[in-house]
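K.L.:
Predicted coordinates and the sequence they were generated for:
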2 protein chains.
Amino acid sequence: MAYNPPTREVRFILEEVMALEGLKTTGVFDELSSDLTAAILEEGGKFCAGMLAPLNHSADQFGAKLKDGEVITAPGFRQAYAQFVEGGWQGLSFAQIDGGMGLPNALGVAFQEMLQAANMAFGLCPMLTMGALEVLTHAGTDEQKTLYLPRLMSGEWSASMNLTEPSAGSDVGALRTMAKPVGDGSWLLEGQKIFITWGEHDCAPNIIHLVLARTPDAPAGTRGLSLFLVPKFLLDDKGEPGTRNDARAIGLEHKLGIHASPTCVMEYGGNGGAKGWLLGDEGKGMAMMFIMMNSARLNVGAQGVGIAERAYQQALSYARDRGQGRAIGVDEYPAAIIHHPDVRRMLMTMKAKITAARSICLACAIASDYAAHLSDKDERQAAKAREELLTPLAKSYGSEVGVEVSSLALQVHGGMGYIEETGAAQHYRDARITPIYEGTNGIQAIDLVGRKLNMMGGYPMTRLIEEMRETVEDCATSSNPELPFIGVTLGTAIDTLESATAWLRDTAREKTDVLAAATPYQSIACETVGGYYLAIGAIAAQRLLKDGEDQNFAKDRIALARYFAETVLSGVPGKSGDITAGGALLFGVSEAGLGT
Amino acid sequence: MAYNPPTREVRFILEEVMALEGLKTTGVFDELSSDLTAAILEEGGKFCAGMLAPLNHSADQFGAKLKDGEVITAPGFRQAYAQFVEGGWQGLSFAQIDGGMGLPNALGVAFQEMLQAANMAFGLCPMLTMGALEVLTHAGTDEQKTLYLPRLMSGEWSASMNLTEPSAGSDVGALRTMAKPVGDGSWLLEGQKIFITWGEHDCAPNIIHLVLARTPDAPAGTRGLSLFLVPKFLLDDKGEPGTRNDARAIGLEHKLGIHASPTCVMEYGGNGGAKGWLLGDEGKGMAMMFIMMNSARLNVGAQGVGIAERAYQQALSYARDRGQGRAIGVDEYPAAIIHHPDVRRMLMTMKAKITAARSICLACAIASDYAAHLSDKDERQAAKAREELLTPLAKSYGSEVGVEVSSLALQVHGGMGYIEETGAAQHYRDARITPIYEGTNGIQAIDLVGRKLNMMGGYPMTRLIEEMRETVEDCATSSNPELPFIGVTLGTAIDTLESATAWLRDTAREKTDVLAAATPYQSIACETVGGYYLAIGAIAAQRLLKDGEDQNFAKDRIALARYFAETVLSGVPGKSGDITAGGALLFGVSEAGLGT
């Protein structure tokens, strides 16, 4: 099944909704232009669609194989990876001084969406390397940067992130892997890590594992954790991969989806100890993790959007081709099922939610660019706050839209959707991991209500609500009669969000009540903010209409915003009861009574 | 993973919510008693939990294999099937005069839920045989009944239902399989059928295929269809399987789930013609199909509930065992995740929705019993109308709850849920077919708004709304302070349902607008009616509380109804805009604009 990179739509969001070129004010992206954006999306899209998308189904069938401690990846992956390295895509959004392309993260996230849409199992490898690059560029020593940065930035070497252990998942602080100092600046690690994405493979000549471990006499919990850099092959005097390190994949997980992504059980020190070096300070492992966390979470959101877009395109194509029954106002028999209202509803729901989730992800990415590059400290902090606020929304909504849209796409196919050869089922299987990894969506919600709402005295959400109200005003005064309706519906959703926010931030509120409200609050926050960006899109589209540009695109964009308002935003107020019901409701049924 | 039949809960619904013993007034079920109900559920549950549930995971891994036209089923299936036959479970809800146990369909559906929960891939075989039994008992000739009924009723032989062809799915009338009369009362069939569940297997010595086909010179569309009985082995003079008929499995589908259920491509007449006999009159194939349709759809609803219950039990067990992090008010570290509010929310959501969906299914089943057995014609028709109205709700809500709950259950497991060995992923894969087969949920919605709402001048929904209002009254006057709240929330949901119903039944309404509203209307109908049965359950539980019986169960049942009211019913009014927005909204984006 072909994949068409949604470059027109992404450009519209970046340029018309998010004003990407505003980033020039930071002084960092002087070369930014509409042409450059178009070129990057075109070239990136070409690579994803041409090289990676055709491998998606066959790679799913092949999976990944572990043989004598080495992982064999799906046919075509090695060649595709080589092309990926040649294109320089790994360093797209990293600074030129570090060897990257020096482009905004907004373009990086837009590229991630296409990469993941084309081939999610493959795309996880560079996504993990990105995380390591974040840490290395921020916290690596000069020597570490010299040794590892160029090869990781080019993608020649890949990286893995090692947090989870059998007893330590969401509770990272419970992990037991130990690191002991050797005395020469290096450490010896011993322990087992699970769920290590691309922990071992045959696409790169070296793999740099970042491993969270406990040091001797370190305090319990997360404060006792440090991060270590553990290469698969230790570097020789020339900096080339030499001796094999004592870090091995001892098992591959048999998963529901992303079959072609090797998910490894990694053993460190099965044979004397895996040699590693401290990254950042001792005891600062969690701080190191947080450096990459925002970016990784945002990328998972983009991944959900990507899978959703891929699944949607396939469903749309099927709906145009598949004839079945008679449709109102259509002469041909059988009519293509796209003409049936119920199928049309599914398609519209998919497109509207994809657009909302994509907008949140790109807004978060642009905020991260401002947060990284604004020179004024207050403005930089405000941007950082926006990024941090939007991160759980991007991750949770992107991933939930990924699951919901891939399910709707399967449904559009009817019985054919349930047959693996069709390909719709693969998206459904692949997407299902996204609400789980990089912090489950429940963890995102707790982060949102527990930390993000209380940052800077509540400023980030207060400010976002103010901005959203301005858009409601803009909608109200539009000459296009669709817009005031969108504005009214958005305004009512904002009212709900604002009340719920106040309820949550009430200092007298019990912690259990706050935690009980986390997920439904996160849900309305995503819908409201998604609707807000769609409304800005409608205003921008109205501008295009007036200017006589892209008439069809503009009309459709307004109709899409209206659809989202009527079917999603209008439901937000009805969810407030669920939020403010409190923890007692959740614990109303006794633990014993939950059983049969 | 063990399965605990939810007998206590099912008995409560059957006896306290649905007043099962009221069926005695039909004069058909004199022996019905609380003891009998308990005995059937206990015995049936024992078979399902003891024999079938342990095979669920291994059978999923084995799948089904096609070799030289014969299907080999998973290890253990043949033995389990023999036990199933020995228990007489196939005929549970069929009349004794036809060789069945003579029990109400309500108990039959309760048994189906357990059967499907224990092993959905296996359970499909008897479910399909049930459909054939429905047709045969209603429309078979005496000779056909003599030849086929006893062996099908005992389960010794199984049956398959053959409707779908590559170009004829939801649009059954488009099918092309041909039947030509031989002259001796038999017919020769030629054509290919796809998605034929258990069309070929090794568990029974004969398989009776019911095949929908077109006769010579028959009109186009559904009016030209007739139903044929086509045995795998033609019967010899003694009625025993003799010559192999020209009906063969030529392929097995590779599916997302229910791997152990052989989904066959069936070829009829690849070698001269498959011999068959007309079932019912020529041209009445669709009428024959409708005989089994209600029962099959209801059973798919029960199947969704069953998978949901199974997935829920596994998640609950995991949540009790898995320790992770600290929980408020819990000393132990790590705390079992069941104590975390967000996990508790998922568990409560699962349990509440399972209970609502199960109630709708059992209500539909009891209505079908009254519809079959009441002596007064008007009362019988009223019961039939209730059955017909509830059928799309049972099918769509049961299946949607199956998908949603199995997804939440996977989420509770975190990363472990994504690993196939855990078993959570299997439920997620298995459940996903239920919104598709036996009429997609979109088809159910169209049936609901197009046919069911307009039956008998709208009587069925009007009457149901009246009944629901009586329950609101009962809640309002309860001495338990929880109940008035539940009543108020239910009342508001009913208001929404009533307005939406009036809007849909407005004779000036465009057909496109009605079709556009179908799915969201069906959704609020399911939620409101599910909440109604939960409210009756709360009233019944309050009765238990007063009588000093089952105090813990009763309190929990009231808390569960309250949870459903606050989290589901309270959201119903917010969905009205989506229903009444009309078809223009769905077609607002141009067909071209749906693309990239």
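P.N.:
Arrived safely, thanks for sending. No experiment lies behind these values; they were computed from the predicted model shown.
K.L.:
What distance do you get for whichever residue of the stretch 51-200 of chain A sits closest to chain B to residue A:440?
P.N.:
Among the residues of the stretch 51-200 of chain A, residue A:171 lies nearest to chain B; the distance is 4.1 Å by C-beta to the nearest C-beta. (Glycine included, C-beta is placed from N, CA and C.) Per C-beta to C-beta, to the nearest Å, residue A:171 is found 12 Å from residue A:440.
K.L.:
between the two, which one's more packed in?
P.N.:
Under the criterion of other C-beta atoms under 10 Å in any protein chain shown, the comparison of residue A:171 against residue A:440 puts residue A:440 first, with 23 against 18.
K.L.:
That one and residue B:414 touch, don't they?
P.N.:
Yes: assessed by C-beta atoms under 8 Å, residue A:440 is found in contact with residue B:414 at 6.1 Å.
K.L.:
Any chance you could list residues touching both of the two?
P.N.:
Taking C-beta atoms under 8 Å, 6 or more residues apart in numbering or on different chains as the contact criterion, the residues that touch both residue A:440 and residue B:414 are residue A:170.
K.L.:
Find the nearest non-adjacent residue to the residue of the stretch 51-200 of chain A closest to chain B, please.
P.N.:
Here the nearest residue to residue A:171 in space, its sequence neighbours aside, is residue B:325; by C-beta to C-beta, 6 or more residues apart in numbering or on different chains that works out to 4.1 Å.
K.L.:
How about residue A:334?
P.N.:
Computed as C-beta to C-beta, 6+ apart, the closest residue to residue A:334 that is not its neighbour in sequence is residue A:323, at 3.4 Å.
K.L.:
got a list of what the one you found touches?
P.N.:
Residue A:323 sits in contact with A:332, A:333, A:334, A:335, A:336, A:337, B:167, where contact means C-beta under 8 Å, 6+ apart.
K.L.:
hang on, the earlier thing: next up, the contacts around the residue nearest to residue A:171.
P.N.:
Under the criterion of C-beta under 8 Å, 6+ apart, the contact partners of residue B:325 comprise A:170, A:171, A:174, B:334, B:335, B:337, B:340.
K.L.:
Check what pLDDT the nearest residue in space to residue A:567 that is not next to it in sequence gets.
P.N.:
Spatially, and ignoring its direct neighbours in sequence, residue A:567 is nearest to residue B:578 (4.6 Å; C-beta to C-beta, 6+ apart). According to the prediction, residue B:578 has pLDDT 91.
K.L.:
Which helix or which strand is home to residue B:578?
P.N.:
Residue B:578 is located in helix B:576-580, with elements delineated by DSSP states H and E.
K.L.:
packing partners for that helix?
P.N.:
Helices and strands touching helix B:576-580, as assessed by 3 or more C-beta pairs under 8 Å, 6 or more residues apart in numbering or on different chains; DSSP states H and E, comprise helix A:551-567, helix B:482-505, helix B:511-547.
K.L.:
Export those to TSV and append columns for mean pLDDT.
P.N.:
Formatted as TSV, the entries for the helices and strands packed on helix B:576-580 read as follows, by pLDDT from 0 to 100:
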stretch	mean pLDDT
helix A:551-567	97
helix B:482-505	97
helix B:511-547	97
